[in-house]
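J.: need the 3D shape of this:
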Amino acid sequence: MKPYRAIVATALSALAGAAVVVPVALSTPAQAAPPTPGPIVKLWNWNWNSVARECTDVLGPAGYSAVQVSPPSDSMSKGGSVWWDIYQPARYTLTSKFGDENAFRNMVNACHAAGVKVHADAVINHMTGQGSTSYGGYSFGKYNYPGLYSSADFHSPVCGINNSDYRNDGWRVQNCELVGLSDLNTGSEYVRDQIAGYLNKLTSLGVDGFRIDAAKHINPGDLAAIKGKLTGSPYIHQEVIQGDQEAITPSQYTGIGDVHEFVYGRKLKEQFAGQIKNLQSFGQSWGLSVPSDKAVVFIDNHDTERNGSTMNYKYGDAYKLANVFMLAWPYGTQRVYSGFTWGDSEGGPPSANGGFVTDVNCGNGQWTCFHRQMSGMVGFNRAVAGTSVGNWYDNGNNVIAFSRGDKGWVAINNESGSVTRTFSTGLPAGTYSNDVGGGTVTVGSNGSASVTVPGKSAVAIHAGGVRPTDPPPGDATVYYATDWTTANIHYQPTGGAWTTVPGVAMNETACTGWKKKTVALGTATGLKAAFNNGSGTWDNNGGSDYTIGRGVSTVKNGVVTANATSPCGPEPSPTPTVNPGEVATSFNANVTTSYGQNVFVVGDIAELGSWNPANAVALSSADYPVWKVTANLPANTAVSYKYIKKNPDGSVTWESDPNRSFTTPASGTATRNDSWR
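T.: Predicted coordinates:
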């Protein structure tokens, strides 16, 4: 945390109110569990309902290992006008501007069901510097938090951190007030108990890890003592900003947990503004502050995107390419950042009703939703884990390529013109999906491939991303998810011109909820696209348009899925014959389960196929924790069915219970309520 304005510290009298002191569960100190292979995504200032939906629809299917969420504790309220009020906690109850405790619990459960861990941003160095009322309606003073802390629980005598202290006086950095924020005496056992109690409350709700805000301003011995009071083994990563010749260094905190590597993003900003050929030797020798096995690395975060020390979403293609490099390069635990768009560096996220954050809409231009653009690279990152860099290529300027063992290969073109050449990929022969922009790459028996990398773009392929056949050359079949009655696709083939507004009608036969159009691309490798309803309503991906490659692609909720299968399934079979006196009926399946991405398979009905996962019907999580689906079946028919879980590697896990069965009624709807744990 590093607020970018001086916070006026006003001493306030004790005010009436009550706070909950969370009981502390003591345990034997344990080593923090390492993160699951795969990158973290930071959904900054997203409310809990939006995080839950994103875990189900995007993060889990993409393979993100964990989501880092904003501070869940109650905080002083600035009514939504700023972002930094959430970094001034007023008490440790879960009544933040992102939702209440029930919404938080549901979010954690939904993310776990999707296979995504949850890390909470924990603000434990300080309390507030201003204000008197929290988002939860709690009254407080700067050194008085009724039922929780009094003036005796803060460092005394009160002092402020001076800029010169960072080099000359580490004690003051850790014991004086950061920009006027009331500095907790973390050497006090009582304070340690309250902090540990709060963190243990979060782990009891399923939280898997913590990002420790302003860890640099807490003595490492105090942090170690607090960690020793925690239940379980939550993964800990700490905000310790590396500064030139400073008394407090990131290496002092590696014994407690991983550390945020701030130098990483600064260095990549320099290279992508210069010559990325130099990245061949990128690593700790470049002056990075902690070794790879202790580093959480990122291109930007909520502070650095605003202070100019790193790139941010406004850098466009260069920012995207830097993230591609991060996810492809073997250093640290990678974290992708997604926040909201901003003009005022202090302005808060979209909110209503006194500052409570509204649901995220990735199509209205108010949220970056950048992590969705990296979904393909998440699979690459997982596939290449543990491999080394090989087959390095650079053109002496701003085009590089390298392999990761025999598991993956990437080419990054930070120049304006396209590059076509034969690269050594190190991969076995086959046709691989491009993880960045769609299309495929064919690798020959000698491991080489002729590849065109468009300007300011990248191509990445990985083992496991092999397709049995190439998509039809020159065609892009686009499925667009929408409830519009009519839809048009307005597009520009690579190197070509845009269609005339509003574009071309998506009038090919699809299915409910989807519109379809096949675009003949000729020699073009893909297209840019936006969608509209013909009456002035547009979806242009927040102003960035959609990048779509050859073959079949789906566009849903702001996410392009390349090399997809039809969301409408295979061509429909003929309508089953209904005997006289029979009518078609519906079957509602409701299942409560801790598994994500569930489907059910119906057998024993000739018209629906045999016991085959390819015939599975997806369950919807719209009413989580109950998953639902409706299927139309013949009347008076005996039905057997099972639930299966689709795994990230494409395999499936069948439930071990006996087949479930029933007989459809003569008319109407049959509803089944099941549980699978």
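J.: when you work out contacts or count neighbours from here on, use the C-alpha atoms and nothing else.
T.: OK.
J.: excluding its backbone neighbours, what's nearest residue 128?
T.: Spatial nearest neighbour of residue 128, excluding adjacent residues (C-alpha to C-alpha, 6 or more residues apart in numbering): residue 88 at 4.5 Å.
J.: shaky segments in the stretch 551-677 of the chain?
T.: Counting by pLDDT under 70, the ranges of the stretch 551-677 of the chain that qualify are 569-587, 590-615, 620-627, 646-652, 656-658, 676-677.
J.: show me where the stretch 151-300 of the chain has helices.
T.: Using DSSP state H, counting those that start in this stretch, the helices of the stretch 151-300 of the chain run over 165-168, 170-175, 189-204, 220-227, 262-272.
J.: for the third one, buried residues please.
T.: When you say that, I think you mean helix 189-204. Neighbour-count burial for helix 189-204, counted by 16 or more other C-alpha atoms under 10 Å, picks out 191-203.
J.: next: stretch 488-496.
T.: Residues of stretch 488-496 classed as buried: 488, 489, 490, 491, 492, 493, 494 (neighbour count, 16+ other C-alpha under 10 Å).
J.: so who does the residue nearest to residue 128 touch?
T.: Contacts for residue 88 were tallied using C-alpha atoms under 8 Å, 6 or more residues apart in numbering; they are 75, 76, 123, 126, 127, 128, 129, 181.
J.: tell me the pLDDT at residue 350?
T.: Per-residue confidence at residue 350 stands at 97 (pLDDT).
J.: one step back: what's the pLDDT at the residue nearest to residue 128?
T.: If you check residue 88, the pLDDT there is 98.
J.: low-confidence ranges, the chain, go.
T.: Checking the chain against pLDDT under 70 turns up 1-36, 466-474, 522-523, 569-587, 590-615, 620-627, 646-652, 656-658, 676-677.
J.: so where do the helices sit in it?
T.: Secondary structure of the chain (DSSP state H): helices at 48-54, 60-62, 101-113, 165-168, 170-175, 189-204, 220-227, 262-272, 304-307, 317-328, 375-383.
J.: tell me which of these is the most buried.
T.: Greatest average neighbour count among these goes to helix 375-383 (a mean of 25), per mean count of other C-alpha atoms under 10 Å.
J.: next one: that helix to chain centre, how far?
T.: 13 Å (C-alpha atoms, centre = their mean, to the nearest Å).
J.: do stretch 291-306 as well
T.: The gap between where stretch 291-306 is centred and where its chain is centred comes out at 15 Å by C-alpha atoms, centre = their mean.
J.: tell me the span between the first and last residue of that stretch.
T.: Stretch 291-306 has an end-to-end distance of 26 Å (C-alpha to C-alpha, to the nearest Å).
J.: what is the burial count for residue 618?
T.: Residues within reach of residue 618, counting by other C-alpha atoms under 10 Å, total 18.
J.: for residue 396, see how far away it is.
T.: Using C-alpha to C-alpha, residue 618 is found at 49 Å from residue 396.
J.: likewise for residue 163?
T.: Distance from residue 163 to residue 396, by C-alpha to C-alpha: 41 Å.
J.: got it, and residue 284?
T.: Applying C-alpha to C-alpha to residue 284 and residue 396 gives a distance of 23 Å.
J.: the more surrounded of these two?
T.: Under the criterion of other C-alpha under 10 Å, the comparison of residue 284 against residue 396 puts residue 284 first, with 14 against 11.
J.: could you find the closest non-adjacent residue to that one?
T.: residue 291 (6.3 Å).
J.: count the neighbours of the one you found for me.
T.: Residues within reach of residue 291, counting by other C-alpha under 10 Å, total 18.
J.: and for residue 241?
T.: By other C-alpha under 10 Å, 20 other residues sit near residue 241.
J.: which residue sits closest to it, ignoring its sequence neighbours?
T.: Closest residue in space to residue 241, ignoring its immediate chain neighbours: residue 262 at 6.0 Å, by C-alpha to C-alpha, 6+ apart.
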